[in-house]
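Engineer: Quick one, what's the 3D model for this:
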Amino acid sequence: MTPPAAAPREKEDPWKPIQHLLEPLPSYYHDAVLDEFVRSERYPESIAYTAADNSPQAYQKFLWNLYRLVGDLRGKRVLELGSGPGVVVEALRRLGGVEAVGVEADLRFVEFARAHEVPLIQGTLEVVPGELAGKPFDLTFSHWFLDALAKVEIQSDGTVRYERRLNHIEELQVLKTLAALTPPGAWSIHATRGRIPFKDEEFRQAGFEIIEVNEEHTFIVLRKTAPPADTLRVEPSTPAPAKTGPARALGGAG
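Structural biologist: Numbers count the residues shown, from 1 in each chain. This next block holds a predicted model:
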């Protein structure tokens, strides 16, 4: 007698681990961030603005695209550049089972996050932060960050003083740092409010293949394929439209 055929295994839904990320559910850490940096009115407007923007709800479409493109992130190492207080880093870790880490320039955000066991590293992106040197990530990403890079000075108390927006030579140094943090085969996905400040050829010189980019150049999907060139050539560019909102530190909010 022939035994009955085994029932086909049900394919696991890759969306399952992020369902809570895509719903407006309460978050203890997000509420704590709002209480400290927004509702208390103890901080400058730029800090409150960044903290208010840093929520799973503000990232909903972006998170959906991360999972659409990369798939299930459970157990993967993920780095957010310009993470602000790290609300999305915390949500990815708690709800998505992701080994997420953030880089942020302002010590006020970093210390608050660490006090809540959210792993943020203080640093600008002029160079690779020492704690991340040589550590491979499956995905690097940023949200509302690359189009608002600013030159900052980290002061003795760990807070940042915003000096000016970066010129394009300085922006290319940030691109080199991004390339150094993204190993071959890894993804790098970015969303901006204004136009992304890098030309396609500059991404290619940094060792990235462009997988997807929208018409407005406010969303780009990259895959690292090669080491970056020693020197990234400045590509001619047309003037970008005026950017809205405060400038973001090199390690500032995403």
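Engineer: wait, is residue 42 part of a strand?
Structural biologist: No - assessed with DSSP: H, G, I helix; E, B strand; the rest coil, residue 42 is coil; it does not lie in a strand.
Engineer: Now do the contacts for the residue lying closest to it once chain neighbours are set aside.
Structural biologist: With Cβ to Cβ, 6 or more residues apart in numbering as the measure, residue 36 is the residue that lies nearest to residue 42, at 8.0 Å, once sequence neighbours are left out. (C-beta placed from N, C-alpha, C; glycine too.) With contacts defined as Cβ atoms under 8 Å, 6 or more residues apart in numbering, residue 36 is in contact with 42, 51, 112.
Engineer: Would you confirm that residue 222 contacts residue 186?
Structural biologist: No - counting by Cβ atoms under 8 Å, residue 222 stays clear of residue 186, with 9.2 Å between them.
Engineer: could I get the contacts of residue 36 as TSV with pLDDT?
Structural biologist: What follows is the contacts of residue 36, written out as TSV (pLDDT from 0 to 100):
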residue	pLDDT
42	91
51	93
112	97
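Engineer: Closest one of those residues to residue 203?
Structural biologist: Within the contacts of residue 36, distances to residue 203 taken as Cβ to Cβ reach their minimum at residue 51, with 30.2 Å.
Engineer: Can you name the residues that contact that closest one?
Structural biologist: Residues 33, 34, 36, 37, 38, 43, 84, 85, 109, 253 are the ones in contact with residue 51 under the rule Cβ under 8 Å, 6+ apart.
Engineer: that's a helix at the second one, yeah?
Structural biologist: In other words, residue 34. Yes - secondary structure of residue 34, determined by three-state DSSP: located in a helix.
Engineer: Cool, thanks, talk later.
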